[in-house]
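Undergrad: Turn this into a model:
(6 chains)
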There are 4 protein chains.
Amino acid sequence: MSHAPTFSKPAKGWTRRKQARPGEILEAAVSVFAEKGFAAARMEDIAARAGVTKGTIYLYFPSKEEVFKTLARETVSVALAAVAQQVREFKGPSRELLVTLLSSIAAFLQDKDRAMLPKIIISESGNFPELARFWRSEVVDKALAMVTGVITQGVAHGEFRSLPPEHVARLCVAPIILSLIWRTTFAPLETIPFDHHRLFATHLDVLLKGLEPEGSTK
Amino acid sequence: MSHAPTFSKPAKGWTRRKQARPGEILEAAVSVFAEKGFAAARMEDIAARAGVTKGTIYLYFPSKEEVFKTLARETVSVALAAVAQQVREFKGPSRELLVTLLSSIAAFLQDKDRAMLPKIIISESGNFPELARFWRSEVVDKALAMVTGVITQGVAHGEFRSLPPEHVARLCVAPIILSLIWRTTFAPLETIPFDHHRLFATHLDVLLKGLEPEGSTK
Amino acid sequence: MSHAPTFSKPAKGWTRRKQARPGEILEAAVSVFAEKGFAAARMEDIAARAGVTKGTIYLYFPSKEEVFKTLARETVSVALAAVAQQVREFKGPSRELLVTLLSSIAAFLQDKDRAMLPKIIISESGNFPELARFWRSEVVDKALAMVTGVITQGVAHGEFRSLPPEHVARLCVAPIILSLIWRTTFAPLETIPFDHHRLFATHLDVLLKGLEPEGSTK
Amino acid sequence: MSHAPTFSKPAKGWTRRKQARPGEILEAAVSVFAEKGFAAARMEDIAARAGVTKGTIYLYFPSKEEVFKTLARETVSVALAAVAQQVREFKGPSRELLVTLLSSIAAFLQDKDRAMLPKIIISESGNFPELARFWRSEVVDKALAMVTGVITQGVAHGEFRSLPPEHVARLCVAPIILSLIWRTTFAPLETIPFDHHRLFATHLDVLLKGLEPEGSTK
DNA sequence: AATGAATGAGATTTCATTCAT
DNA sequence: GATGAATGAAATCTCATTCAT
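TA: Numbers count the residues shown, from 1 in each chain, chains lettered A, B, ... in the order given. Model prediction:
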């Protein structure tokens, strides 16, 4: 794609604007798609939220569908690679690595816009099977593989009980995903916001206790 | 809604049909809405899947939106009440009750159509805030309250560690919800279907171990 | 037409109903067409007002259009013929004949249902040019011809000033038509009903005075 | 309504067009509504007659109903106010004023498009009671009040016989309204067009003679 | 590069008409 | 003869997309 999103790239001078446009549009698009879903999202809404007019979007993207696909494809991979790097370089007990990894994932998905993307994929998987496939293989499977790797290693080291690692990996992320869904679904209704941070702490507590080998004295 | 079954009429020929129609339409609607989302679902698709034509739907529902709302409102409460009854009547250790309760919930959501409904609510919460509110208070909160009750009781009996019950309740259901999302999102792509049953078993194993009081010898 | 309206025909026994149906339907149709116009009138409304169901109408009329046309064609001619007869037989001064004739017309159109018909024709002339033509030649022209005849005769007898009779004829009926339109258009809004009877009296007063020959001492 | 002309913009190219559009659409709408009535008028017809496509109308009006209402509301009041001014400023005998006033009204309604509007209101009063009420109070009552005023003044001055002025006012306008209805209803069928101008002259002749005080020698 | 007026395909909804009972 | 469930053509309205400016 010639118009990769430039969320991060800091351009300067009056070219800044031109460079930034596609990114601004994508950013606007995430929130609209997350709120309304693909079909109910109107190009005019996205344009308005990006501070441009309908026509402008078509200078950067050939269609609504392409805005959506670009969004879904190009906005995760980078972050995921960074986390993977972190995991590879980590030296220390698997317990600690697991805590670090899950905390990274949880922290990453804490950001509202980033939490929106998985929600969008969940909602639109029926309308965009290719995207679901892409996410499945590029995001979900990779993330799960990382966690599974840590678990496997922990089991090998005798730090965790012997349990199917691909199951445990899912148990590890389940509460994180539930939090994400909760926030994207019920947040606007909430009077007292639920403390997802403390829920995550309890999760780690119960999880690690549940994974401890039988006779361990910790 | 006015399509409560009429008891007196003998209901033969397409009189029988008339009684059944609203149900048939709703059944068709669940699957279409789950697949496409509310906005992308076409009345013609729903009609076709229900074996009627567009116009017929309007004999029973005043609008697409009302089909959707009826669906979301009328299809859960019954089942939930049954489970609640089961919980109230249970005599025995909280551990067992928890296992029974979670298994009931998991089994209930095993059915494809029933799994669809939460997925639909998640996807459309932005477009139908009233429905999100309804589900939040009538379904989610009630279900969580049941689980929370069991946990609280278990903690009081010394069967579980002392942890925030409303956190633990969420940890209990998180893997069930994750399974549900997985199935409704990635199932069509799956070559080897994932064994959610065994995942659930591992979940119970890790969870119960994680909740065990400190010095317990089981 | 095999189903001429039987407003008047008094059938007896249980056949009464069958005989009366077409008339009942037409009667219901006048009021609905007058209220909503042809296009906005729903067969179901007509049926309901006639105390039958949609399907029944089709036993007597092949289509909505035919209901309308039958209505417009078959409901005036009779009455008009009666008035014409009355005029032909009248012996006496033209003044008196004119008063009698206009009073007959005004009285005839006093009935709500009969007032509706001209209103319907006015409203639907664009959609049913054939009907407009029919009414023009069969009703309006004939009625005007009668009045014109009386005027011509009165002028010949020196009872009226010499003025174009086809103009005077229109001046004679104009206030009657205006009353009719007023009633069918603004009646439902009216708090204090306007006294069209006294207006008619004033009309005759001014008109006859206006038609008096120059030097007449009455 | 927001289509008041914007003074500042240079308005060239289709900027000029944008300013003109609502007016063009309304103009097209009068004739279609008058021909078919509200319900039978198709947006596509209106669009075509305005030289645009369906969608364009919706850039300026939110619905068919609103096109209709705007039409009925915004197209009379101005003209009426002008006539009222004329009446207030007139110095001279009531006779002359009456002739001037009625001639103004007749001349105004001579224009085809302007004659259409009352016809539309008459036809659609049943479907749009609020509009009927609006017209009743804003147009009809005001116009009648003007005529009634002139009559009252004429009676006071001894120029007219003592008759109920609100009756006479209606007698004054009745032939004008009849002409209007005739033209909008039967005009398309007419081979030799009726001379409404000469009818109006005869009307004034008969009317003024009819209003003359008893012993007047003119 | 940006705008926003205009388009027209496609969706929802209505309702005259049919037809099995 | 009567019913009313079902149909499907036709209308309104929305909005992605185009393109003159």
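Undergrad: Which single residue of chain A ends up nearest chain D?
TA: With Cβ to the nearest Cβ, the shortest gap between chain A and chain D falls at A:Glu44, namely 12.4 Å. In short, each C-beta sits where N, CA and C put it, glycine included.
Undergrad: Find the nearest non-adjacent residue to that residue, please.
TA: In this structure, A:Glu44 finds its nearest non-sequential neighbour in A:Lys54, 5.5 Å apart by Cβ to Cβ, 6 or more residues apart in numbering or on different chains.
Undergrad: Surely that neighbour and A:Asp45 touch.
TA: No. The criterion here is Cβ atoms under 8 Å, and A:Lys54 misses it with A:Asp45 at 9.8 Å.
Undergrad: Which residue of the two possesses the greater neighbour count?
TA: The neighbour comparison of A:Lys54 against A:Asp45 (other Cβ atoms under 10 Å in any protein chain shown) goes to A:Asp45, with 18 against 13.
Undergrad: Pull up the gap between that one and DNA strand E, please.
TA: To DNA strand E, A:Asp45 is 14 Å away according to Cβ to the nearest atom of the strand, to the nearest Å.
Undergrad: and that residue, what does it touch?
TA: Neighbour list for A:Asp45: A:Val32, A:Lys36 [criterion: Cβ atoms under 8 Å, 6 or more residues apart in numbering or on different chains].
Undergrad: let's see 6 Å
TA: Going by Cβ atoms under 6 Å, 6 or more residues apart in numbering or on different chains, A:Asp45 touches A:Val32.
Undergrad: Stretch A:124-138 close to chain B?
TA: Yes. Stretch A:124-138 lies within reach of chain B by Cβ under 6 Å from any Cβ of the partner chain, at A:Ser125, A:Gly126, A:Asn127, A:Arg133, A:Arg136.
Undergrad: for stretch A:106-114, same thing?
TA: No. Using Cβ under 6 Å from any Cβ, stretch A:106-114 stays clear of chain B, with a minimum separation of 12.8 Å.
Undergrad: Would you indicate which residues of that stretch are buried?
TA: A:Ala106, A:Phe108, A:Leu109, A:Gln110, A:Arg114 (16 or more other Cβ atoms under 10 Å in any protein chain shown).
Undergrad: rewinding a little: the residue nearest to A:Glu44 and A:Ala47 touch, don't they?
TA: Yes. At 4.9 Å, A:Lys54 and A:Ala47 qualify as touching, with contact defined as Cβ atoms under 6 Å.
Undergrad: quick check, nearest of the buried residues of stretch A:106-114 to D:Lys142?
TA: Distance to D:Lys142, by Cβ to Cβ, is smallest for A:Arg114 among the buried residues of stretch A:106-114, at 64.5 Å.
Undergrad: On the three-state scheme, that closest one is what?
TA: In three-state terms, and counting by DSSP: H, G, I helix; E, B strand; the rest coil, A:Arg114 is helix.
Undergrad: what's the closest non-adjacent residue to it?
TA: Leaving aside its sequence neighbours, A:Arg114 sits nearest to A:Phe108 (Cβ to Cβ, 6+ apart; 6.1 Å).
Undergrad: And that neighbour, how far from A:Phe200?
TA: Distance, A:Phe108 to A:Phe200, using Cβ to Cβ, to the nearest Å: 13 Å.
Undergrad: so whichever residue of chain A sits closest to chain B is in which element?
TA: Using Cβ to the nearest Cβ, the closest approach of chain A to chain B is made by A:Gly210 at 3.0 Å. For A:Gly210, the element it lies in under DSSP states H and E is helix A:196-211.
Undergrad: and that helix, average pLDDT?
TA: The average pLDDT within helix A:196-211 is 98.
Undergrad: Please name the residues that touch the closest residue in space to A:Leu178 that isn't next to it in sequence.
TA: Closest residue to A:Leu178 in three dimensions, ignoring its sequence neighbours and counting by Cβ to Cβ, 6+ apart: B:Ala174, at 4.2 Å. B:Ala174 makes contact with A:Ala174, A:Pro175, A:Leu178, according to Cβ under 6 Å, 6+ apart.
Undergrad: want to throw these into JSON lines with secondary structure and distance to A:Ile25?
TA: Output for the contacts of B:Ala174, formatted as JSON lines (DSSP: H, G, I helix; E, B strand; the rest coil; distance: Cβ to Cβ, whole Å):
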{"residue": "A:Ala174", "secondary structure": "helix", "distance to A:Ile25": "34"}
{"residue": "A:Pro175", "secondary structure": "helix", "distance to A:Ile25": "33"}
{"residue": "A:Leu178", "secondary structure": "helix", "distance to A:Ile25": "31"}
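Undergrad: just curious, which of those residues is nearest to B:Trp182?
TA: A:Ala174 (10.0 Å).
Undergrad: Check the gap between that closest one and DNA strand F for me.
TA: 34 Å.
Undergrad: next one: A:Glu44
TA: Taken as Cβ to the nearest atom of the strand, the span from A:Glu44 to DNA strand F is 6 Å.
Undergrad: Now for that residue, how many residues are close by?
TA: A:Glu44 has 12 nearby residues by other Cβ under 10 Å.
Undergrad: buried set for whichever strand or helix holds it?
TA: A:Glu44 is part of helix A:43-50, with elements assigned from DSSP H and E. By neighbour count on 16+ other Cβ under 10 Å, the buried set for helix A:43-50 is A:Met43, A:Asp45, A:Ile46, A:Ala47, A:Arg49, A:Ala50.
Undergrad: domain parsing for chain A?
TA: With automatic domain parsing as the criterion, the domains of chain A are listed as A:15-72, A:76-211.
Undergrad: quick one, which of those domains is nearest to C:Val78?
TA: Using Cβ to Cβ, those put domain A:15-72 closest to C:Val78, at 60.2 Å.
Undergrad: burial count for A:Glu24?
TA: When neighbours are counted by other Cβ under 10 Å, A:Glu24 registers 18.
Undergrad: Next: the one 5 residues further on.
TA: Other residues near A:Ala29 number 27, with proximity taken as other Cβ under 10 Å.
Undergrad: got a list of what it touches?
TA: With Cβ under 6 Å, 6+ apart, A:Ala29 has these contacts: A:Ile46, A:Val67, A:Leu71.
Undergrad: those helices in chain A, which residues are they?
TA: Secondary structure of chain A by DSSP state H: the helices cover A:15-36, A:43-50, A:54-60, A:64-74, A:77-89, A:94-108, A:112-124, A:129-135, A:141-156, A:165-186, A:196-211.
Undergrad: which stretches of chain A aren't confidently modelled?
TA: A:1-19, A:216-218 (pLDDT under 70).
Undergrad: Could you figure out how far the helix holding A:Glu44 is turned away from helix A:15-36?
TA: 130 degrees (axes from the mean of the first three to the mean of the last three Cα atoms, to 10 degrees).
Undergrad: Would you work out how far apart the start and end of stretch A:134-148 are?
TA: End-to-end distance of stretch A:134-148 (Cα to Cα, to the nearest Å): 20 Å.
Undergrad: Pull out the buried residues from it.
TA: Applying 16+ other Cβ under 10 Å to stretch A:134-148 flags A:Phe134, A:Trp135, A:Arg136, A:Val139, A:Val140, A:Lys142, A:Ala143, A:Leu144, A:Met146, A:Val147, A:Thr148 as buried.
Undergrad: Kindly report the same for stretch A:165-178.
TA: Buried positions in stretch A:165-178, judged by neighbour count with 16+ other Cβ under 10 Å: A:165-178.
Undergrad: Now do it: distance to the chain's middle.
TA: Relative to its chain's centre, stretch A:165-178 lies at 14 Å (Cα atoms, centre = their mean, to the nearest Å).
Undergrad: and if you look at stretch A:120-133?
TA: With Cα atoms, centre = their mean, you get 15 Å for stretch A:120-133.
Undergrad: quick one: it near DNA strand E?
TA: No. For stretch A:120-133, no contact with DNA strand E is found by Cβ under 7 Å from any atom of the strand; the gap never falls below 11.9 Å.
Undergrad: Leaving out the residues flanking it, which one is nearest to A:Phe61?
TA: A:Val67 (4.6 Å).
Undergrad: now what about stretch A:177-188, what contacts it?
TA: If you take Cβ under 6 Å, 6+ apart as the criterion, stretch A:177-188 is touched by A:Leu109, A:Ala115, A:Lys119, A:His196, B:Ile122, B:Ser125, B:Arg136, B:Ala174, B:Ile177, B:Leu178.
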